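**Student:** What follows is a predicted structure for the sequence shown.
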Protein chains: 2
Amino acid sequence: MKCTRCRARAEVQLRSHNAAFCRPCFLFVFRRQIERAIESEKMLGRGERILVAVSGGKDSLALWDVLADLGHDTTGLYVGLGIGAYSELSHAKVVAFATRRGLPLRVITLDEEAGGLGVPVVAGLTRRPPCSACGTMKRHWFDAAAVEGGFDVLATGHNLDDEAARLLGNVLRWQTDHLARQRPVLETTHPRFVRKVKPLYLTSEYETAVYAFMRGLDYIVDECPNAAGATQLVHKDLLNRLEAASPGSKLAFVKDFQRTGRPAFAAAPRENPRDCEGCGMPAYGTLCAYCRLVGEVRRKAAPLAGAPA
Amino acid sequence: MKCTRCRARAEVQLRSHNAAFCRPCFLFVFRRQIERAIESEKMLGRGERILVAVSGGKDSLALWDVLADLGHDTTGLYVGLGIGAYSELSHAKVVAFATRRGLPLRVITLDEEAGGLGVPVVAGLTRRPPCSACGTMKRHWFDAAAVEGGFDVLATGHNLDDEAARLLGNVLRWQTDHLARQRPVLETTHPRFVRKVKPLYLTSEYETAVYAFMRGLDYIVDECPNAAGATQLVHKDLLNRLEAASPGSKLAFVKDFQRTGRPAFAAAPRENPRDCEGCGMPAYGTLCAYCRLVGEVRRKAAPLAGAPA
């Protein structure tokens, strides 16, 4: 098989793009694909300070790597979720990457900075699914770190597979309000919400895996142990089967949604968020989701510790 | 396991409904589900003459069986597609059912009444996928038979699995115009288009299979040999996997679409059809899709027969 761009021997075949590439051309095309997504969706302005949320997985490290190579002003943000060995290993991978590339990294450890409120503790005490508790915790600390550090934008490593699975989930229940808001760029609605962007939203997990391999990125390969059985994994599996039967389906699903699907859905009008009375971050009620969650944890933990609530 | 309705020993479990039923209660619930779909979507008026399209499969025979039991004025319509042994066997099953129940049946055989234009011939000469050619041929003869016989409405056996697979296909490419028109009732737009209804659109294939078994309906079990590899079967397989992981998903997907999804999509304005200059049936151009297809077949067949086109 020959490289679609330069006719050298191809090293990777991308059936979804009906193409094959040698190593230099794949790296070129991979970066260009992300650049184009950034440009066409106006994700990043010139000279903006970007906070890149990194988990230690291939997607977020590949994103950080590419953004730095493209000359953007990037700082990594690692939030330690307190999920045992998984968190320890992913932390080490992120630190190693930042050190190797000489890029600034901000680390927030929930067990320490959030008063011992790691994901297992929060999920256990509130009896929420771990992924739900984790989402609320992460969103809060991402936003807080972005504001505190004076960043213009927060970039996350959500890839095409993530976006397609989320889209399928929203479609299967026809959650029209979620559908109206599912975009690769979330504009700010409050002084303490920075813009959020997903530069990899058209880049498949397979492509980032190939990129990470070719670039020698050392990332954590295991899925988060809490993810087992999550509905999103069922949806990802279905989309992978579809992709195998009909290559390019996943990309068309997400691309055509942005072009012709989403415009059909009108978001229910929603007031801009107010200031949370607990932490000052944006909130749609008196307290933000994070402060409500932490309050619940404190009320449930107090009797266990023998202290008044 | 006990029957959800009467606490007798259950004979069938319906995970999608989180219920189990004994035989009499299943038959009651099955019919009631169809009656409710007919009523809530205003599919059938009192005293209307219904033409029921029957293929010899379990869905259409179950539909005819139930409509007749509910006291509707029904006539069966069997279109022989000329697909070898499959067509011969399905024809025999339909005739046997109509005879046993003493119900009137109209049979149209493409090889005879349509001048030898069975599906294999049409698909072969025009190089169309068989399912595409078959769809055009069937729609024409369904409409023609309904008009000719003075029927008020045409009922088809499309079930929940069919509707869900079609919906998924439309969603995966965000075909908003198709989404806007996907309804269990198609109102008439031309004097020669009768109303079309799908009373089984919320009834799963599994439920009709159980019904056919309990009622001793003798139907053709094989899939049409042309269907192998059809995209719709891929989509059905995906939805079955989803249903296994999360029972009730298929029903929610189709039901929520009708309630909250479809209203978001506006159908592109389209003029009502005119009269086809070939056959007088409704057409969106000079000729209807059927006459265009038949014209193509004639032009391609003529050189083979050595006759002028």
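**Tutor:** The structure has been received and is ready for your questions.
**Student:** Please look at residue A:264 and residue B:265 and confirm they touch.
**Tutor:** Yes - taking contacts as CB atoms under 8 Å, residue A:264 lies within contact range of residue B:265: 5.2 Å. (Glycine included, C-beta is placed from N, CA and C.)
**Student:** which neighbours do these two share?
**Tutor:** residue B:176 (CB atoms under 8 Å, 6 or more residues apart in numbering or on different chains).
**Student:** Which residue of the two possesses the greater neighbour count?
**Tutor:** Taking other CB atoms under 10 Å in any protein chain shown, residue A:264 and residue B:265 do not tie; residue B:265 has more neighbours (22 against 19).
**Student:** distance of the more buried one from chain A?
**Tutor:** Noted for residue B:265: a distance of 5 Å to chain A, by CB to the nearest CB, to the nearest Å.
**Student:** Provide a list of residues in contact with that residue.
**Tutor:** Contacts of residue B:265 (CB under 8 Å, 6+ apart): A:264, B:176, B:177, B:179, B:180.
**Student:** Would you check which pair of these lies furthest apart?
**Tutor:** A:264 and B:177 (10.7 Å; CB to CB).
**Student:** Name the residues of the longest strand belonging to chain A that are buried.
**Tutor:** The strand spanning the most residues in chain A, taking DSSP state E as the definition, is strand A:73-80. Using 16 or more other CB atoms under 10 Å in any protein chain shown as the test for burial, strand A:73-80 gives A:74, A:75, A:76, A:77, A:78, A:79, A:80.
**Student:** before we move on, what about stretch A:243-257?
**Tutor:** A:243, A:246, A:249, A:250, A:251, A:253, A:254, A:255, A:256, A:257.
**Student:** Tell me the confidence at residue A:226?
**Tutor:** If you check residue A:226, the pLDDT there is 84.
**Student:** oh, I was asking about residue A:309
**Tutor:** Here, the pLDDT recorded for residue A:309 equals 41.
**Student:** cool, residue A:301 as well?
**Tutor:** 81.
**Student:** Tell me if I'm right that it and residue A:125 touch.
**Tutor:** Yes - Residue A:301 lies in contact with residue A:125 (CB under 8 Å); the separation is 5.8 Å.
**Student:** Turn the buried residues of strand A:73-80 into CSV, columns for pLDDT.
**Tutor:** Listed next are those as CSV, based on pLDDT from 0 to 100:
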residue, pLDDT
A:74, 98
A:75, 98
A:76, 98
A:77, 98
A:78, 97
A:79, 96
A:80, 93
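**Student:** could I get those as CSV with distance to residue A:191?
**Tutor:** Shown next, in CSV, are these (distance: CB to CB, whole Å):
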residue, distance to residue A:191
A:74, 22
A:75, 20
A:76, 24
A:77, 19
A:78, 25
A:79, 22
A:80, 27
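**Student:** From those residues, pick the one nearest chain B.
**Tutor:** Set against chain B, the nearest of the buried residues of strand A:73-80 by CB to the nearest CB is residue A:79 (29.8 Å).
**Student:** I'd say that closest one and residue A:105 touch.
**Tutor:** No - using CB under 8 Å, residue A:79 makes no contact with residue A:105, being 11.6 Å away.
**Student:** tell me the pLDDT at residue A:229?
**Tutor:** 68.
**Student:** nope, residue A:232 is what I meant
**Tutor:** The predicted local confidence for residue A:232 is 87.
**Student:** Next: residue A:304.
**Tutor:** On the pLDDT scale, residue A:304 gets 66.
**Student:** Check which helix or strand the closest residue to residue A:126 other than its chain neighbours maps to.
**Tutor:** Closest residue in space to residue A:126, ignoring its immediate chain neighbours: residue A:296 at 5.1 Å, by CB to CB, 6 or more residues apart in numbering or on different chains. Following DSSP states H and E, the helix or strand that holds residue A:296 is helix A:289-305.
**Student:** Identify all contacting residues around stretch A:188-198.
**Tutor:** A:38, A:41, A:43-44, A:51, A:143, A:146-147, A:151-158, A:163, A:184-187, A:272-273, A:275, A:280-282.
**Student:** Give me the subset of those residues that also touch chain B.
**Tutor:** With CB under 8 Å from any CB of the partner chain as the criterion, the subset of the contacts of stretch A:188-198 in contact with chain B is empty.
**Student:** So which of those residues are in helices?
**Tutor:** Secondary structure from DSSP state H places A:38, A:143, A:146, A:147, A:163 of the contacts of stretch A:188-198 in helices.
**Student:** farthest-separated two in those?
**Tutor:** A:147 and A:163 (25.5 Å).
**Student:** one step back: pick the one among the buried residues of stretch A:243-257 closest to chain B.
**Tutor:** Using CB to the nearest CB, residue A:256 comes nearest to chain B of those, at 4.0 Å.
**Student:** Relative to the whole chain's centre, how far out is the helix or strand harbouring the closest one?
**Tutor:** Using DSSP H and E, residue A:256 sits within helix A:249-256. Between the centre of helix A:249-256 and the centre of its chain there are 19 Å (CA atoms, centre = their mean, to the nearest Å).
**Student:** And that helix, what does it pack against?
**Tutor:** Applying 3 or more CB pairs under 8 Å, 6 or more residues apart in numbering or on different chains; DSSP states H and E, one finds that helix A:249-256 makes contact with helix A:160-172, helix A:231-245, helix B:160-172.
**Student:** what does it contact?
**Tutor:** In contact with helix A:249-256 (CB under 8 Å, 6+ apart) are residues A:16-17, A:160-161, A:163-164, A:167-168, A:201-202, A:204, A:239, A:242-243, B:171-174.
**Student:** now swap in stretch A:125-136 and tell me
**Tutor:** Residues outside stretch A:125-136 that contact it (CB under 8 Å, 6+ apart) are A:81, A:119-120, A:122-123, A:226-227, A:230, A:289-290, A:293, A:296-297, A:300-301.
**Student:** Give the ChimeraX command for selecting the buried subset of the residues you listed.
**Tutor:** A single ChimeraX command selects the buried members of the contacts of stretch A:125-136 (16+ other CB under 10 Å):
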select /A:81,119,120,122,123,226,230,289,290,293,297,301
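**Student:** and of the contacts of stretch A:125-136, the nearest to chain B?
**Tutor:** The closest of the contacts of stretch A:125-136, once distances to chain B are taken by CB to the nearest CB, is residue A:230, at 11.0 Å.
**Student:** So the nearest residue to the closest one once chain neighbours are set aside versus residue B:296, what's the distance?
**Tutor:** Excluding the flanking residues, the one nearest residue A:230 by CB to CB, 6+ apart is residue A:131, at 5.7 Å. Computed as CB to CB, to the nearest Å, the residue A:131 to residue B:296 distance reads 54 Å.
**Student:** Could you tell me which residues of chain A lie near chain B?
**Tutor:** A:171-174, A:176, A:231, A:234, A:237-238, A:241-242, A:245-246, A:249, A:252-253, A:256-257, A:259-261, A:264-266.
**Student:** contacting residues around residue A:268?
**Tutor:** So residue A:268 contacts A:177, A:180 (CB under 8 Å, 6+ apart).
**Student:** Would you point out the helix or strand in chain A whose mean pLDDT is lowest?
**Tutor:** helix A:110-113 (a mean of 82; mean pLDDT, DSSP states H and E).
**Student:** Thank you, goodbye.
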